[in-house]
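A.B. asks: 3D model of this:
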Amino acid sequence: MSPLKALVTGASSGVGMATARLVHARGGSVALVARRADVLAELAAELGPRAFAFPCDVSDPAAVARTVAAAHAALG
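C.D. replies: All right, here's what the predicted structure looks like:
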């Protein structure tokens, strides 16, 4: 089985942040996606090297495409 990897939207608060923390706590790598870059950076710093911050407004299809490509590259 491959290691757990997840792209989590809404990772700057609430259920998204809780999901990101859970994935990380279970040994997974996580791409943190939300509009609030400052909060994402803080969360990524807290979680460590398996967490990657990707500020993105998911209502923008081009931004989503760029973010998914960058997350795929980061997570492998």
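A.B. asks: make it CA atoms for all contacts and neighbour counts henceforth
C.D. replies: Fine.
A.B. asks: what's the burial count for residue 42?
C.D. replies: Residue 42 has 13 neighbours, counted by other CA atoms under 10 Å.
A.B. asks: in stretch 9-20, what counts as buried?
C.D. replies: By neighbour count on 16 or more other CA atoms under 10 Å, the buried set for stretch 9-20 is 9-13, 16-17, 19-20.
A.B. asks: Go ahead and flag the most central residue of this structure.
C.D. replies: Central residue of the chain (CA atoms, centre = their mean): residue 32, 1.5 Å from the mean position.
A.B. asks: which intervals of the chain have sub-threshold pLDDT?
C.D. replies: Scanning the chain for pLDDT under 70 picks out 1-2.
A.B. asks: circling back: out of the buried residues of stretch 9-20, which sit inside helices?
C.D. replies: In helices, defined here by DSSP state H, the members of the buried residues of stretch 9-20 are 16-17, 19-20.
A.B. asks: Roughly how far does residue 3 sit from residue 35?
C.D. replies: According to CA to CA, to the nearest Å, residue 3 stands 27 Å off from residue 35.
A.B. asks: So for these two, which sits in the more crowded spot?
C.D. replies: Legend: neighbour count by other CA under 10 Å for residue 3 and residue 35, higher for residue 35 (16 against 8).
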